[in-house]
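Enquirer: The following comprises the amino acid sequence and a computationally predicted model.
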Amino acid sequence: GLGVFGMAARLALGVASSLKAESDRVLRQMEEAEAARKMAKANEAMFATLLRDVDPPITTTTTYEDLEAVAKDDPRWGRIEPAKAKLALALYIEGLIAAEAREAALAADAFKALLRRTVADGDSWRDVRARLE
């Protein structure tokens, strides 16, 4: 017969083989999950370019339905789940609102600077208008 050492060796080989198969399976799953994450990230990036490129451009009042109506035939549409697409649109619009606020603040600052340069205490509208023309 095999004896105790032979049976132990066979058992050890079987366990080692089983462990290797399990580790290979886990490694494959990890690789597949990583590939899926990379694909999801690529799809999100493509959707982001769609938001930037869509015509007519997205405004602060654009709804998801508005976007879908103009983008549904674009190959980048539908690559991410609607919930993620709605979130991406909301974040994009938040960025637009922030940009508009920055532009408004810059315009207000420029207007105040113009007033400081052209209006002095005691000026009449006629004096100011003449300087602005």
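Expert: That came through fine. Numbers count the residues shown, from 1 in each chain.
Enquirer: Quick check: buried residues in stretch 66-78?
Expert: Residues 67, 71, 76-77 are the ones in stretch 66-78 that count as buried (16 or more other CB atoms under 10 Å). The way it works is simple: take the backbone N, C-alpha and C, and place the C-beta from them, glycine included.
Enquirer: count of neighbours near residue 51?
Expert: Neighbours of residue 51 under the rule other CB atoms under 10 Å: 20.
Enquirer: which SSE is it in?
Expert: helix 3-53 (DSSP states H and E).
Enquirer: And residue 120, how close does it get to residue 46?
Expert: Noted for residue 120: a distance of 57 Å to residue 46, by CB to CB, to the nearest Å.
Enquirer: So for those two, which residue has more residues nearby?
Expert: Each of residue 120 and residue 46 has its neighbours counted (other CB under 10 Å); residue 46 has more, 15 against 10.
Enquirer: give me the low-pLDDT residue ranges for this protein?
Expert: Low-confidence segments of the chain (pLDDT under 70): 1-2, 7.
Enquirer: redo that, cut-off 90
Expert: Applying pLDDT under 90 to the chain flags residues 1-26, 114-133.
Enquirer: Residue 85 and residue 48 touch, don't they?
Expert: No: using CB atoms under 8 Å, residue 85 is not in contact with residue 48; the gap is 10.4 Å.
Enquirer: Compare neighbour counts for those two and give me the winner.
Expert: residue 85 (21 against 15).
Enquirer: Can you tell me how far the nearest residue to that one once chain neighbours are set aside is from residue 78?
Expert: Excluding its sequence neighbours, the residue lying closest to residue 85 (CB to CB, 6 or more residues apart in numbering) is residue 47, at 6.3 Å. Counting by CB to CB, the gap from residue 47 to residue 78 is 9 Å.
Enquirer: repeat for residue 23
Expert: According to CB to CB, residue 23 stands 37 Å off from residue 78.
Enquirer: next one: residue 68
Expert: For residue 68, the distance to residue 78 equals 9 Å [CB to CB].
Enquirer: give me the number of residues near residue 64?
Expert: Neighbourhood size, residue 64 [other CB under 10 Å]: 13.
Enquirer: thought it was touching residue 87?
Expert: No: Residue 64 lies out of contact with residue 87 (CB under 8 Å); the separation is 10.1 Å.
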